[in-house]
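# Can you look at this prediction? I've put the sequence above it.
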Amino acid sequence: MKRFLLLICIAFAVVPAGAQRIFSLDDCIQTGLERNYSIRIIRNEQQVSDNNATPGNAGYLPTVDLSGGFSGSVNNNNNKLSDGTTEKINGVNNETADVGLNVNWTVFDGLGIQATYDRLKELKNLGELNTRMTIEDFVADLSSEYYNLIRQKIRLRNLRSTLDLSRERLRIVEERYYIGSMSRLDLQQAQVDFNADSSNVLNQLEQVHTSRIRLNQLMALDDVEEQVQIKDSLITPNPLLDEVELWKSTLASNSSLLIAKKNQVISELDYKKIRSRNYPYVKLNAGYGYTANWYEVGATDLQRRLGLNYGVTVGINVFDGFNRKREQRNARIQIENQELRTREMELALRANMSNFWMAYRNNLDLWSLEKENLVAAQENYRIAIDRYKLGDLSGIELREAQNSLLEAEERQSIAEYSTKICEISLLQLSGQIMNMFHD
């Protein structure tokens, strides 16, 4: 018995304050946004999309190449002259050196360049939306875990309170047993209940530890086992949400719906890009260079050329095996599919909104009911313990009142937590999750 009590005391030991940091929900979110690896990865991917959205990548700007080279040849010449004689010269060395600047520019390609540039800008916006959606998912996960840790701590407090009640009951039984007013069976039953409550406390300590580790992991702390402390100790749901306003905000701000609409725009630009191949293209080219040739035979020893060359190319693809028509048909199908996906997304969001709203309102009602039940259970236990001390109530009946109190506390805690989770889900669905923490 003494060894067991010692174990409980060790489990209840408080970590030194100097080893703890206190985090509010805002602190947790800010730390996670700065350190979480998934957030940092998606931001890097967004930076790639930003870097790609340039006129040069779309083909608006000309390309300029500076090149130079040197080449030579060694030949054995065997020439038959007009007078019938033969001239043989071995090891004739000819050399050429050149350097030049070349410019190529596609001036018009049936508006394909414009479509490509618009597509790159839409991909940039899509990258921003993907980053936003990842951040919103992260904030929802972290805030859910934050409130889960509060709930687990509330449950731990309730179990510790229950253990205190069992300890008091055990003390009363022991005193009465030693004076002979209670049986050994009563003592053993009180001891069994006390041990069961002690076991529940130890198991709940593990749940609190697991939730704290998960929160540290989401914040990407260097020491995942750091004994951080959270500022809040209670869960307070917001009962003032409005379904109509939430749905309006969902249609205007939901990240998944905005991404679906953005993909629809990109599909339309893909179709525009393919259609540009039905039109002619115009390309300009120009060059400026220097060339030198050295000859070992002939009347010229060295030939030098320095000059400008330029040109324009106009063309159109006349026939490509009907591939353009095939690609245009497929592109129109993709546009239709994106429209259908957008409508499907709106329907799914409407269904999710309805389900979350029903759960939210139901849990609010449960929360209100369980608060009343808790008051009744507390009063019931106070009456039961008074009667028990007077000997008018058995240990089994007292245990039932004690369990009823614990169950009422647990149901209220679950109703609070479930309401808060529904609230978080509704705000995430409506694109307002980031506004929740800065009011």
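Thanks, I have the structure now.
# The strand or helix carrying residue 338 - contacts with which helices or strands?
Assigned by DSSP states H and E, residue 338 belongs to helix 323-390. Applying 3 or more C-beta pairs under 8 Å, 6 or more residues apart in numbering; DSSP states H and E, one finds that helix 323-390 contacts helix 112-178, helix 243-253, helix 255-275, helix 395-429. Yep, even glycine has a C-beta here, placed from its N, CA and C like the rest.
# go again using 6 Å as the cut-off
Packing partners of helix 323-390 (3 or more C-beta pairs under 6 Å, 6 or more residues apart in numbering; DSSP states H and E): helix 243-253, helix 255-275, helix 395-429.
# and the second one, how far from the chain's centre?
Centroid displacement of helix 255-275 relative to its chain, using C-alpha atoms, centre = their mean, to the nearest Å, is 22 Å.
# Next: the first one.
On the basis of C-alpha atoms, centre = their mean, helix 243-253 sits 22 Å off its chain's mean C-alpha point.
# Next: the longest one.
For helix 395-429, the gap between its own C-alpha mean and the chain's C-alpha mean amounts to 30 Å (C-alpha atoms, centre = their mean).
# quick one: it to helix 323-390, angle?
Going by axes from the mean of the first three to the mean of the last three C-alpha atoms, to 10 degrees, helix 395-429 is angled at 150 degrees with respect to helix 323-390.
# Flag every buried residue along helix 395-429.
Using 16 or more other C-beta atoms under 10 Å as the test for burial, helix 395-429 gives 395, 398-399, 401-402, 404-406, 408-429.
# Go ahead and flag the most central residue of the protein.
Taking C-alpha atoms, centre = their mean, the centroid of the chain lies closest to residue 134, which sits 2.5 Å from it.
# Now do it, the pLDDT please.
Per-residue pLDDT puts residue 134 at 97.
# Kindly report the same for residue 435.
For residue 435, the predicted pLDDT is 81.
# Give me the spatial nearest neighbour of it, chain neighbours excluded.
Of all residues not flanking residue 435 in the chain, residue 427 sits nearest, at 7.5 Å (C-beta to C-beta, 6 or more residues apart in numbering).
# Surely the one you found is in contact with residue 433?
Yes - the criterion here is C-beta atoms under 6 Å, and residue 427 meets it with residue 433 at 4.7 Å.
# ok, back up a step: what residues are up against the residue nearest to the centre of the chain?
residue 42 (C-beta atoms under 6 Å, 6 or more residues apart in numbering).
# can you check residue 177 too?
Going by C-beta under 6 Å, 6+ apart, residue 177 touches residue 187.
# which one's the longest strand in the protein?
If you go by DSSP state E, the chain has its longest strand at strand 86-108.
# okay, now residue 169: neighbour count?
23 (other C-beta atoms under 10 Å).
# Can you classify the residue lying closest to it once chain neighbours are set aside as helix, strand or coil?
Nearest non-adjacent residue to residue 169, counting by C-beta to C-beta, 6+ apart: residue 190, 5.4 Å away. Assigned by DSSP: H, G, I helix; E, B strand; the rest coil, the conformation of residue 190 is helix.
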